[in-house]
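Chemist: A structural model of the following input is requested.
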Amino acid sequence: DKVILSTDSTWKCAVDTNLVNEHGKISYNAGEEIPNWRANEFDDSGWPNVSEKKTPKSGYLFPSQIPNTIRYPQEASNIYKLLPDDNEKTEHSLLNQILYNESFELDFSKNMSAYYKFSLFAHKGDKVTILPREKIGTNRPLEYICKEGINTFTTPQLNVFRYLTVQIASNKGLTIDSFL
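Modeler: Numbers count the residues shown, from 1 in each chain. Predicted coordinates for the structure are as follows:
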């Protein structure tokens with residue numbers, strides 16, 4: 001036997017319900033985040049202590065065979081706005097513009113295995129759907145439901161893609177500051 005993780009019940013936790021994986025589609029609802037929970041001055045007195053589990057459940061806490069990844073920004077080489085008629089597209093910028101109900105295709109010029117992250121200013125309930133894909137098929141689609149104000153998100157898992165289709169659903173408009 002080997003100790004992989006050692007802890008006790010002195011630390012606190014809360015159940016996180018904003019990230020859901022249903023039938024291979026990941027949905028993240030930023031409106032359900034606990035405000036400022038990452039701040040040093042956050043008051044966690046309302047959170048319960050964790051409970052200790054003496055016997056590990058088989059299959060949990062095993063050494064990963066996946067190597068650590070290096071994260072570095074990779075910008076799309078081309079960005080196209082997808083037009084509703086005849087599957088046409090036109091070169092377009094995605095950043096620092098007010099976007100409503102629009103779709104874009106980001107072309108990274110090569111297949112890659114990567115995380116992606118974005119930062120945007122939105123209204124509560126705005127949605128950004130991201131469809132990572134290669135030539136055919138979608139790999140781990142993400143639906144991000146925005147909170148009011150600044151939203152920053154990094155995918156929790158690696159995705160394999162060359163293209164990212166980004167679908168915006170907003171009645172009041174949102175602005176994407178960065179997408180890497």
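Chemist: for Asn159, give me its contacts.
Modeler: Ser113, Ala114, Tyr115, Tyr116, Pro132, Asn139, Arg140 (CB atoms under 8 Å, 6 or more residues apart in numbering). In short, each C-beta sits where N, CA and C put it, glycine included.
Chemist: need the max-distance pair from these.
Modeler: By the measure CB to CB, Tyr115 and Asn139 form the most distant pair in these, at 13.0 Å.
Chemist: rewinding a little: closest one of the contacts of Asn159 to Gln74?
Modeler: Using CB to CB, the contacts of Asn159 come closest to Gln74 at Ala114, 6.4 Å.
Chemist: and the gap between that closest one and Pro132?
Modeler: In this view, Ala114 and Pro132 are 9 Å apart by CB to CB, to the nearest Å.
Chemist: the more surrounded of those two?
Modeler: Neighbour count, other CB atoms under 10 Å: between Ala114 and Pro132, Pro132 has more, with 23 against 20.
Chemist: so which strand or helix has the more buried one?
Modeler: Element membership of Pro132, judged by DSSP states H and E, is strand 127-133.
Chemist: sweet, I'm off.
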